[in-house]
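**Student:** model the structure of this input:
(4 chains)
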Amino acid sequence: MDLTYSDQEIQFRHEARQWLTQNAPKLPMPPGDTREGFDVHRAWEKVLYEAGWAVVSWPARYGGRDASLWEWLIFEEEYYSAGLPQRVAQNGIFLLAPTVFEFGTQEQKDRILPRMASTQDMWCQGWSEPNAGSDLAGISSRATRDEAAGGWILDGQKTWTTRGAFCTHLFGLFRTDPQADRHRGMTYFLVDLSSPGITVRPVNKFDGDVGFAEVFFDGVFVDDSNILGEVDRGWEVAMATTGSERGLSLRSPGRFMAAVDRLIDLYKARQGELAQDSLAQNSRYRRQVAECWMKAQAYKLATDATVSKIVAGQKPGPESSLNKIFWSEMDIEIHETALGILGGMGHLESEWMKGFEFSLAGPIYAGTNEIQRNIVAERLLGLPRR
Amino acid sequence: MDLTYSDQEIQFRHEARQWLTQNAPKLPMPPGDTREGFDVHRAWEKVLYEAGWAVVSWPARYGGRDASLWEWLIFEEEYYSAGLPQRVAQNGIFLLAPTVFEFGTQEQKDRILPRMASTQDMWCQGWSEPNAGSDLAGISSRATRDEAAGGWILDGQKTWTTRGAFCTHLFGLFRTDPQADRHRGMTYFLVDLSSPGITVRPVNKFDGDVGFAEVFFDGVFVDDSNILGEVDRGWEVAMATTGSERGLSLRSPGRFMAAVDRLIDLYKARQGELAQDSLAQNSRYRRQVAECWMKAQAYKLATDATVSKIVAGQKPGPESSLNKIFWSEMDIEIHETALGILGGMGHLESEWMKGFEFSLAGPIYAGTNEIQRNIVAERLLGLPRR
Amino acid sequence: MNFSFTRDQLDLRDTLGEVLSKEFTPERLREIFEGLHPIDQKAWGVLGEVGMFSLLAPQDLGGLGMGLVEVCLAAEELGRCAFVGPVVEHTCAVVGHLSLLWSLGLAGGDLLEGPGQEDFNNLVSGTKVATVQLRPTDPVAWGEASDLVLLCYEGQGPRLARGLMWDDPNRPRPSLGQATPPVAQVPARSVDHSYQLSWVDQGQFNRGGIINLDLTFPIDQFDKKTKTLIELVRQITIERCTLVVAGQLIGLADKMISMAVDYAKDRTQFQVTIGSNQAVKHHLANSYLALDHARHPVYYAAFNLDRFVEDLVSHSMSDDDIAGRWDECLRDVSFAKVYASRAARLAGKTSLQCHGAIGYSWEHDLHMYMKRSWALANLWGTVDFHLDRVTGLVLR
Amino acid sequence: MNFSFTRDQLDLRDTLGEVLSKEFTPERLREIFEGLHPIDQKAWGVLGEVGMFSLLAPQDLGGLGMGLVEVCLAAEELGRCAFVGPVVEHTCAVVGHLSLLWSLGLAGGDLLEGPGQEDFNNLVSGTKVATVQLRPTDPVAWGEASDLVLLCYEGQGPRLARGLMWDDPNRPRPSLGQATPPVAQVPARSVDHSYQLSWVDQGQFNRGGIINLDLTFPIDQFDKKTKTLIELVRQITIERCTLVVAGQLIGLADKMISMAVDYAKDRTQFQVTIGSNQAVKHHLANSYLALDHARHPVYYAAFNLDRFVEDLVSHSMSDDDIAGRWDECLRDVSFAKVYASRAARLAGKTSLQCHGAIGYSWEHDLHMYMKRSWALANLWGTVDFHLDRVTGLVLR
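**Tutor:** Predicted coordinates:
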């Protein structure tokens, strides 16, 4: 056990901070879930790429700088600490990319990863369908073999595709063997959204922004080079991705540590007014802010423990479900605390309100927290399934 | 809607308060779950009976004073407000008696009720068995017909029989038709615990007192006059009793209102020290005490609403499950608050600690709160069973 | 003792519920939410027809002469459909407030027969839309959509205003009085887009030409006792509004739970109805429990506030009685607001979680009910304010 | 960065776990709980043999020269079996405290070679049982069962005491010093009957004839800097004890969850294993989550406290460094104690609920673990105390 950073890591943090300080865009940026905002974000993420900060832990050959996982966590801390927003490229670089690294051919890696890192291709996730939400194995979109053309014909519908209205590519599961049982006979496809036969309908989310899309497939051709992993083995490939989504990659501790820092600032700015209204109220929020600090710190330490295991060669297992429950509920609590500190103004539109609305999706997506608790009980504690 | 008490009710309260002030025993009484304590309590409850306060809402002919349900609630408030303990006769007067009133023959009422009210017979409940806890329909103790003798032979085992070690009689379910499906073929028996073939083993509870008993039946004869309701219809009869157990009769609001009054006194006595330790802590407990007050008040109001319905001729339904969840969790919260106010001394033995240990049983007995939540969801909200 | 509603009370509620389910549909709510209208004038008129605004006016003034229990029953229905407009303000703070002043002999005869009679009748019938402002710095609910504003400040008698209103603090305004907060501190609008907040400009105070009602309160000429009474009436108005907001929150909670129950009975995942999962059952059971235990405190407080007002009007309380019973009223109103706000918050969260992604979309109605409940929980005293008040009064 | 334990650390933990599972069974715990013995001398001796008490003593003093990370790992095992006796006090507050004074050149050579050497060796090996008292008014944990008590009061150097002890405040005592609290304020015992609380009588202070260890601290002759350092060492001892108690709470939580998981896999109701019910699954998942997130803060605080002590001993910190890093240590220890206490409380409640009636019986072991966790959560600073401290330090 050694909980100190090496000189190299400290130097890396210093470099990252310096670069971000000098190059950060004007803040706050418009929401990434609107057409205009998306473009602003994409441009900024291209700046990141060009300076080598887009995907620090990737090999240099694909656009990264071969940083360690610890350095990636450090970069994330610095990134969020600078007040920067979540990445609109995240579903590509954090969800698809690890799967490509694990299951992709060399040709696929060379073709997909650099364009992804440089924001040329923007990827969205095609998991959910109208009848397959938490129950991912319930999908019915299908792919039919076209042997002559050396590929597959996709038909069906995907829904709740985050930023699908603005993205250029989609990764998703389609049924290739309709006879197989629920968890088999699916294949993992990589789809260019400009292919003929695709219709994208924007769907607004809770806060009114265009957060989602419905994507309709009507005889869409995809050639064999765009299958990730083996035909009919898409479930196993997808499970690797959902592990990432639930676990640390989408929600690195830095984001919550930065949110708590902002919460502390908010409290300090409002402290006088709170105390003037009532000492009890002030004391309640002081404590609540400290509770949020402890939660973010606990999450950071849990992540450090997980990363230590990964670095030692272990694969992260169902622990990712623990993380997902924890960060999603913490995110809501941080924002509820902030809105409470804002008092009677708490229901007005603000950055905190926007963040609160966003946080409400946390216990739902990437598998509801109810499903995650089942996973914890069944896989970590060994309780029987029904 | 009229939330004021009538002159008669106010007069009733006055009388009860006056009598209790003049006749209350020395407090605190020893725990009713020890041999010596049980006898002390039984003697006190006999004093109650002799003055006509044991079962105020029963007809005079059985030992009551024909009081209304509202007056019963008033009596309970005054009783607990005087610092008096829960009744050791409660499983008879609050659980068995309503069932006897509903299902008993005139002969049974005349024979059972006055002896119960006067504490001559002390009743315990024989529901649970080693393999039938929350799942009451899982009982396997059986009754075999003895036509010649005009009765039944009981064999089997009951467990978690509250105060079974000290009681004189037991009411319980036994299987009379082993072929019937789980919820049928049971009969409700009334058993004299001095009958040949009965062995009672005392079982200590969480706090070390003899709270429970295991009762073993080995060829115990019970004649037909001691069947409550019809043979093979015991489930329906028992359900009437469990409704009482969950609902208001065992846990009248007065008990919690009195507990909260004591909590307020405790807080006021410790307020100076709490504030000296830290203003934040003091403010936290101030609020927590107020939360307990609100809970007890909400429970009182919910009970008033239920009683209004009963008085208007409606039967209390699955709402009793709402009440059971609420009072059992409130009881724990009241005691946890008190132990918190006691600070570093909170883990030492005290009346509050004793009450806390007692409260921990609340979410378990009379059907676990998990079962109660199922009932609320299925019967009040109409959600489907699995 | 009887905690049941009378047949008349239930009929009133049912009638209103039926009218609203026809006149104020989720589609109508969505139009307002998306900015097409400020309020629904037609539905407002129908509310007037069924007597909503006249509940707190005495029969002598052309009202129904009912109490807050009835208004809270109505408020549940208004909450259930997230009705848009200053109903609480109009019913309690304008009609109810003026009526109570009149009943206590403090308002001019104008209400009954003077030149203001027609104006007052227009308020009682809902032909005019009124709202209220309690402090010069407060935003006014639906000020732009209202015909008049009652200014009801501490230590002053009520006044009627019709000034310029802004729903956008960035819009230039003629004269910013000192009392108006700087623009930067005033975000433009509630996340509940159907809840319009406006700013009244003190410099443009102008009641001439709009109504004839004479409310000139020679407050400085009143004796101390009368001044105290006028302030008490103002306080009663505030508590009435607070409690009616609690009633709306109860209705909202009920609506959001019902939506989730319906969805959970219908939606299938993992080859079972999601409502058959114990986790979903327990979420909904908890929400229902919180709602059930929040509803009774609302009516308990309403009943006791009604009795307090009755006894005040009939002069049957001593000053000590007034002080003691008023503290109990404050405690009970705060208790009701805290529980109703929490019940609505839990109902919203639970409902969203049971709906899953569909509930998180703008197209689904749920977000409109959730956002209304967030706004109402913050208005007429936050949960924190009421929690402090109930704590102070319980631990006196 | 590396948050994994070394092979050596894990071996230490596993060895201790194996020894305890043989030497300190639930049956043994029950005997103590039911009053048959104060502590288990044999198990205590075995703990000494495997080096438990020497963890914090430097190798020069015959110890293992390890740190608090190792003591916390051991504490988890001690918690898991609810080991009875002043292990925390003995290991951290007596051996650890004297060792640290010695390392800083503040304790006499006695520890190493003087007439007290044998006495100190007896402490390191566990041949003698020692406990501690931090304030003259505090009860002493297992005072009656201990051979000596270290009196370690603010502003004074440590002293060794062997006075009369009482486990019953009603027993007559020779001379009640002013510092002894009146009997009425001192309930007799913890609800955890295996946790013995005693009262040390100041009037009967007597260290002659028991040990030769010379701890005469000429505190008044020290300069201000040295006095400050001695007080800091005392503070370090308190924080170490607090953190080791947190470690025990983690072990207790783990044990109670395991018991419930095992039971839930076995017990059948409604014709299914109760552990297949989603409600049971989610209860246990929540408890496990709380435990998982409480465990890391304990080791984080332990690691940083060890580093602080190392740097203090090597004189490599400036006064400013000391102040800043010490505040972080305090914050982290409080955080760990709060989370560990809550995890244990939740684990106990959940475990009881999953066991149902059987868990509520005296015959079942669960209550002994629950009660230990209640006692430990209150000792070395309540959750309230630590919550306040972490709040103050986060919001400096």
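**Student:** just checking, residue A:184 touches residue A:177?
**Tutor:** Yes. Between residue A:184 and residue A:177 there is a contact under C-beta atoms under 8 Å: 6.9 Å. Yep, even glycine has a C-beta here, placed from its N, CA and C like the rest.
**Student:** in chain A, which strand has the most residues?
**Tutor:** Longest strand of chain A, by residue count under DSSP state E: strand A:212-223.
**Student:** buried set for that strand?
**Tutor:** A:212-217, A:220-222 (16 or more other C-beta atoms under 10 Å in any protein chain shown).
**Student:** before we move on, the earlier item: common neighbours of residue A:184 and residue A:177, please.
**Tutor:** Common neighbours of residue A:184 and residue A:177, using C-beta atoms under 8 Å, 6 or more residues apart in numbering or on different chains, are residue A:232.
**Student:** ok, longest helix in the chain?
**Tutor:** Chain wasn't specified; assuming chain A. Longest helix in chain A by number of residues (criterion: DSSP state H): helix A:279-311.
**Student:** oops, chain C please
**Tutor:** Assigned via DSSP H, chain C shows its longest helix as helix C:224-266.
**Student:** that one and chain D, are they touching?
**Tutor:** No. For helix C:224-266, no contact with chain D is found by C-beta under 8 Å from any C-beta of the partner chain; the gap never falls below 13.7 Å.
**Student:** report the distance from the helix or strand that that helix is followed by to the chain centre.
**Tutor:** Remark: after helix C:224-266, the chain's next helix or strand is strand C:268-269, criterion DSSP states H and E. Centre-to-centre, strand C:268-269 and its host chain are 39 Å apart (C-alpha atoms, centre = their mean, to the nearest Å).
**Student:** listing partners with orientation, what would you give for strand C:268-269?
**Tutor:** strand C:272-273 (antiparallel) (DSSP bridges).
**Student:** other residues contacting the partner strand?
**Tutor:** Applying C-beta under 8 Å, 6+ apart, the contact partners of strand C:272-273 are B:384, B:386, C:264-267.
**Student:** repeat for stretch A:80-94
**Tutor:** For stretch A:80-94, contacts defined as C-beta under 8 Å, 6+ apart pick out A:17, A:20-21, A:24, A:27-29, A:32, A:38, A:41-42, A:45, A:54-55, A:116-117, A:119, A:121-125, A:162-163, A:166-167, A:169, A:244-245, A:249-250, A:252, A:254-255, A:257-259, A:261-262.
**Student:** okay, how far is it across that stretch, tip to tip?
**Tutor:** 16 Å (C-alpha to C-alpha, to the nearest Å).
**Student:** any buried residues in it, and which?
**Tutor:** A:80-82, A:84-85, A:87-94.
**Student:** just the pLDDT for residue 378.
**Tutor:** As the question left the chain open, I've gone with chain A. Residue A:378 is assigned a pLDDT of 97 by the prediction.
**Student:** the intended chain is chain C.
**Tutor:** For residue C:378, the model assigns a pLDDT of 95.
**Student:** is the longest helix of chain A positioned near chain D?
**Tutor:** Yes. Using C-beta under 8 Å from any C-beta, helix A:279-311 reaches chain D at A:286-287, A:289-290, A:293-294, A:297-299, A:301-302, A:304-305, A:307-309, A:311.
**Student:** how many neighbouring residues does the closest residue to chain D within the stretch 201-350 of chain C have?
**Tutor:** Residue of the stretch 201-350 of chain C nearest chain D, by C-beta to the nearest C-beta: residue C:278 (3.8 Å). By other C-beta atoms under 10 Å in any protein chain shown, the residues close to residue C:278 number 22.
**Student:** from residue D:81, how far off is it?
**Tutor:** 34 Å (C-beta to C-beta, to the nearest Å).
**Student:** equivalent analysis for residue A:39, please.
**Tutor:** 62 Å.
**Student:** higher neighbour count, these two?
**Tutor:** Neighbours were counted for residue A:39 and for residue D:81 using other C-beta under 10 Å; residue D:81 has more, 21 against 14.
**Student:** tell me who's in contact with residue C:333.
**Tutor:** Per C-beta under 8 Å, 6+ apart, neighbours of residue C:333: C:239, C:242-243, C:246, C:301, C:305, C:386.
**Student:** oh, I was asking about residue C:13
**Tutor:** C:5, C:73-74, C:76-77.
**Student:** residue D:353: which of those residues is nearest?
**Tutor:** In terms of C-beta to C-beta, no member of the contacts of residue C:13 lies closer to residue D:353 than residue C:76, at 34.8 Å.
**Student:** doesn't that closest one fall inside a helix?
**Tutor:** Yes. Assessed with DSSP: H, G, I helix; E, B strand; the rest coil, residue C:76 lies in a helix.
**Student:** just give me how far stretch C:29-40 sits from the chain centre.
**Tutor:** Relative to its parent chain, stretch C:29-40 has a centroid offset of 19 Å by C-alpha atoms, centre = their mean.
**Student:** what average pLDDT does that stretch get?
**Tutor:** 92.
**Student:** check stretch A:173-192 too.
**Tutor:** Regarding stretch A:173-192, the rounded mean pLDDT is 95.
**Student:** can you give me the end-to-end span of it?
**Tutor:** Across its full length, stretch A:173-192 reaches 14 Å between end residues, using C-alpha to C-alpha.
**Student:** list the buried residues for it?
**Tutor:** A:173-176, A:184-191.
**Student:** measure the residue nearest to residue A:37 when sequence neighbours are not counted to residue A:259 for me?
**Tutor:** Nearest-residue entry for residue A:37: residue A:30, 3.7 Å, with adjacent residues in sequence omitted and distances by C-beta to C-beta, 6 or more residues apart in numbering or on different chains. With the distance defined as C-beta to C-beta, residue A:30 ends up 19 Å from residue A:259.
**Student:** comparing these two, which shows the higher neighbour count?
**Tutor:** residue A:259 (21 against 15).
**Student:** what's the PyMOL line that selects buried ones from the contacts of strand C:272-273?
**Tutor:** To isolate the buried ones among the contacts of strand C:272-273 in PyMOL, judged by 16+ other C-beta under 10 Å, type:
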select buried, chain C and resi 264+267
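**Student:** next, give me the two most distant ones among the contacts of strand C:272-273.
**Tutor:** B:386 and C:266 (16.5 Å).
**Student:** how many residues are close by the residue in the stretch 1-150 of chain C positioned nearest to chain B?
**Tutor:** As assessed by C-beta to the nearest C-beta, chain B sits closest to residue C:3 within the stretch 1-150 of chain C, at 4.1 Å. When neighbours are defined as other C-beta under 10 Å, residue C:3 has 21 of them.
**Student:** list the residues that contact it.
**Tutor:** B:1, B:3, B:301, B:304-305, B:307-308, C:296, C:299.
**Student:** identify the farthest-apart pair in those.
**Tutor:** The widest separation within those (C-beta to C-beta) is 14.7 Å, between B:307 and C:299.
**Student:** can you pull the domain assignment for the chain?
**Tutor:** Since no chain was named, I'll use chain A. A:7-89+A:113-117, A:123-236, A:251-380 (automatic domain parsing).
**Student:** not what I meant, chain C
**Tutor:** C:7-221, C:224-395.
**Student:** thinking again about what came up before, just put the contacts of residue C:3 in a markdown table and tack on neighbour count, pLDDT and distance to residue B:69.
**Tutor:** Below are those laid out as a markdown table (neighbours: other C-beta atoms under 10 Å in any protein chain shown; pLDDT from 0 to 100; distance: C-beta to C-beta, whole Å):
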| residue | neighbour count | pLDDT | distance to residue B:69 |
| --- | --- | --- | --- |
| B:1 | 19 | 93 | 17 |
| B:3 | 18 | 97 | 15 |
| B:301 | 23 | 97 | 15 |
| B:304 | 18 | 94 | 10 |
| B:305 | 18 | 93 | 13 |
| B:307 | 20 | 91 | 5 |
| B:308 | 20 | 93 | 9 |
| C:296 | 22 | 98 | 17 |
| C:299 | 23 | 98 | 19 |
